[in-house]
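Novice: Okay, sequence plus prediction incoming.
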Amino acid sequence: MSVLRVLHLSKAFGGVHAVENVSFEVGEGEFLALIGPNGAGKSTCFNMINGQLAPDAGDIEFAGRSIAGWKPRDIWRLGVGRTFQVAATFGSMTVAENVQMALISHHGEIFRFGAALASRHRDMAIELLEQVGMDRSAARACKELAYGDVKRVELACCAWMSRPQAWRRANATS
Ligand SMILES: Nc1ncnc2c1ncn2[C@@H]1O[C@H](COP(=O)(O)OP(=O)(O)OP(=O)(O)O)[C@@H](O)[C@H]1O
Ligand SMILES: [Mg+2]
C-alpha cells in the first residue's frame, strides 16, 4: 500500500505554473527522489505536501487520508517530517546539542541561551543521531561538518522527531 499519494497536484503563482498535474506514489520503505532543473517546481511540490502552500488542484493522501490544505502542524502530528532546501543548524553548538535543542522545542520546554544543555534529552538525541548515522559526530560543532552531514543532523532534528510510522513501529512495545 502507498504511504503517500500525490494526485494531479497543481500550483500557479500568477502566470507561473510551478507545478502542473503532478502525480506520484511512495510505498512503505521506499525512497523516491524528485529531480529536475532549477525552477522545475520541486520545492513548491514539497511545500504543498507539508502544508506550507495549499494546492490549486489535486489531492495529497497520507496513509489513505486526504491531507491537502491541512496546516503544517497538523501534518507534522501525523508523523510527516521534512527538511528544508537550505539546511540550518546552530554552527557553534555540537551535533548532539542541536538535536537536544530541537527536542526541547518539540516538548514545548523553555531554554535560556547560555544555560548548559547538559543531559537534557541527551539519550533521545543520541538515538535520533544513530538513525541518521551521525552519533559518532555527536561532540563535533556543526560548523565543522560537511553540508551532507549538516543535512543528516537536520533530518534528525526535523524529520525523525515527528516519529514517522516506521519509527513508531520499531519502538512499539508489545
Ligand atoms: N512564493 C512564490 N511566489 C512566486 N513564484 C514562486 C514562488 N515560489 C516558487 N515560485 C516560482 O515557481 C517556480 C518553481 O519554483 P520552485 O522553487 O518550486 O523550483 P525548484 O524545482 O525547487 O527549484 P530549485 O532547484 O532552484 O530549488 C519558479 O519559477 C519559481 O520562481
Ligand atoms: Mg527548490
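Specialist: Thanks, I have it. Numbering: from 1, shown residues only. Ligands and ions are numbered 1, 2, ... in the order given.

Novice: What are the boundaries of the helices in this protein?
Specialist: Along the chain, the stretches classed as helices by DSSP state H are 42-49, 72-77, 95-106, 122-131, 147-154, 165-170.

Novice: so which of these gets nearest ligand 1?
Specialist: Taking CB to the nearest ligand atom, helix 42-49 is the member of the helices of the chain nearest to ligand 1, at 3.2 Å. Placement of C-beta: from N, CA and C, glycine included.

Novice: Counting by contacts, list what the closest one packs against.
Specialist: Applying 3 or more CB pairs under 8 Å, 6 or more residues apart in numbering; DSSP states H and E, we find helix 42-49 packed against strand 2-13, strand 16-27.

Novice: wait, which of the ones you listed is closest to residue 160?
Specialist: With CB to CB as the criterion, residue 160 lies closest to strand 2-13 of these, at 15.7 Å.

Novice: Buried ones in stretch 49-64, by neighbour count?
Specialist: Within stretch 49-64, the residues that count as buried by 16 or more other CB atoms under 10 Å are 49-51, 53, 55, 58, 60-62.

Novice: That should have said stretch 8-15, apologies.
Specialist: Buried residues in stretch 8-15 (16+ other CB under 10 Å): 9-11.

Novice: Kindly check the end-to-end length of stretch 6-20 for me.
Specialist: End-to-end distance for stretch 6-20, by CA to CA, to the nearest Å: 12 Å.

Novice: That one near ligand 2 anywhere?
Specialist: No. Stretch 6-20 is not in contact with ligand 2 by CB under 5 Å from the ion; minimum separation 10.2 Å.

Novice: Please see if that stretch touches ligand 1.
Specialist: Yes. Using CB under 6 Å from any ligand atom, stretch 6-20 reaches ligand 1 at 13, 16, 18.

Novice: which one of those residues is nearest residue 5?
Specialist: Taking CB to CB as the measure, residue 5 sits nearest to residue 18 out of these, at 20.1 Å.

Novice: so residue 139 sits right up against residue 98, yeah?
Specialist: No. Look at residue 139 against residue 98 with CB atoms under 8 Å: they stay out of range, at 11.8 Å.

Novice: Those two - which one has more neighbours?
Specialist: residue 98 (25 against 9; other CB atoms under 10 Å).

Novice: now that one: how far from ligand 2?
Specialist: Separation of residue 98 from ligand 2 (CB to the ion, to the nearest Å): 23 Å.

Novice: residues in contact with the closest residue to ligand 2 within the chain?
Specialist: Nearest residue of the chain to ligand 2, counting by CB to the ion: residue 43, 3.1 Å away. Contact analysis of residue 43 by CB atoms under 8 Å, 6 or more residues apart in numbering lists residue 85.
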